[in-house]
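> Here is the input, now give the coordinates:
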Amino acid sequence: HNGFLNMGNTKMSKSLGNVRLVRELLQEADGEAIRLALLSAHYRQPLDWTGETLPEATRKLDRLYGAMQDVPVDPQAGIDSDARDAFIATLHNDLNTPQALAELFQIARRLNASADAADRARLVNTMRECGALIGFLERDPQDWFAAQRAQGGDADEIDAIVARRVAAKKAKDFATADRIRDELTARGIEVRDAADGSTWKRSEAGAS
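Numbers count the residues shown, from 1 in each chain. Next up is the predicted model:
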């Protein structure tokens, strides 16, 4: 990133002693989240770094990986060439990474809205191919979420809340189960119920 990095309203500089080192940031967040945070602003524009920068980048990756996590990998499904070309066009436009990320989230929204298995597999392949060009989405979604739990984010807390809801449903306490779902929805968490259990993902609100 060649633009100025600002800590709050102050330019980051050694002379002011407000420099953040990557090795320090890796204690707070996954390296992929750091990369997304840096690419969220154009490389020649200022980037404001706050205490919310890395958590917000992590939440965005949660949403991207969450969109992919229930879709089996199918290399034979191909890709959506129009979506890929739109993504690549943003990179040819002076490496416009903020717009590239917006295109990636647009693909994720289409994936979340699609009920067609072949289309979903194609969109996941497209997300992986596009993401790989800027260093994202090359991991298994389950590995990403396991890493977030190990990092000490809020995933463990959400797992526990979802488990309480599952227990309430088993006890036929549907009022409590519905209340917990509403609480999770208010936090931007979407719960998916299936025969083999319940999973969750970040909702698309504020994804791009």
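> Is the spatially most central residue of the chain in a helix, a strand, or coil?
The centroid of the chain falls nearest to Leu61 when counting by C-alpha atoms, centre = their mean (1.6 Å). Of the three states, Leu61 takes helix under DSSP: H, G, I helix; E, B strand; the rest coil.
> Would you mind stating the distance between it and Leu101?
11 Å (C-beta to C-beta, to the nearest Å). Placement of C-beta: from N, CA and C, glycine included.
> cool, and His92?
For His92, the distance to Leu101 (C-beta to C-beta) stands at 15 Å.
> more neighbours, the two?
Neighbours per residue (other C-beta atoms under 10 Å) separate His92 from Leu101, with Leu101 holding more: 23 against 8.
> Following element in sequence after whichever helix or strand the more buried one is part of, please.
With elements taken from DSSP states H and E, the one containing Leu101 is helix 97-113. Using DSSP H and E, the helix or strand that follows helix 97-113 towards the C-terminus is helix 117-133.
> which strands and helices sit next to the helix or strand following that following helix?
Per DSSP H and E, the first helix or strand lying C-terminal to helix 117-133 is helix 141-151. For helix 141-151, the elements it packs on are helix 53-68, helix 155-170, judged by 3 or more C-beta pairs under 8 Å, 6 or more residues apart in numbering; DSSP states H and E.
> Can you flag the weakest of those by average pLDDT?
When the helices and strands packed on helix 141-151 are compared by mean pLDDT, helix 155-170 comes last with a mean of 86.
> Deepest in the core, which of the helices and strands packed on helix 141-151 is it.
Between the helices and strands packed on helix 141-151, helix 53-68 has the highest mean count of neighbours, a mean of 22, where neighbours are mean count of other C-beta atoms under 10 Å.
> Output that helix as CSV, nothing but the C-alphas.
Listed next in CSV are the C-alpha coordinates belonging to helix 53-68 (Å, rounded to 0.1, in the frame of the first residue of the first chain):
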residue,chain,number,x,y,z
THR,A,53,-10.2,-2.3,10.7
LEU,A,54,-9.1,-5.9,11.4
PRO,A,55,-12.4,-7.1,13.0
GLU,A,56,-14.4,-5.7,10.0
ALA,A,57,-12.0,-7.4,7.5
THR,A,58,-12.5,-10.7,9.4
ARG,A,59,-16.3,-10.3,9.3
LYS,A,60,-16.1,-9.7,5.6
LEU,A,61,-14.1,-12.9,5.1
ASP,A,62,-16.6,-14.7,7.4
ARG,A,63,-19.3,-13.7,5.0
LEU,A,64,-17.3,-14.8,1.9
TYR,A,65,-16.3,-18.2,3.4
GLY,A,66,-19.8,-18.6,4.9
ALA,A,67,-21.4,-18.3,1.4
MET,A,68,-19.1,-21.1,0.2
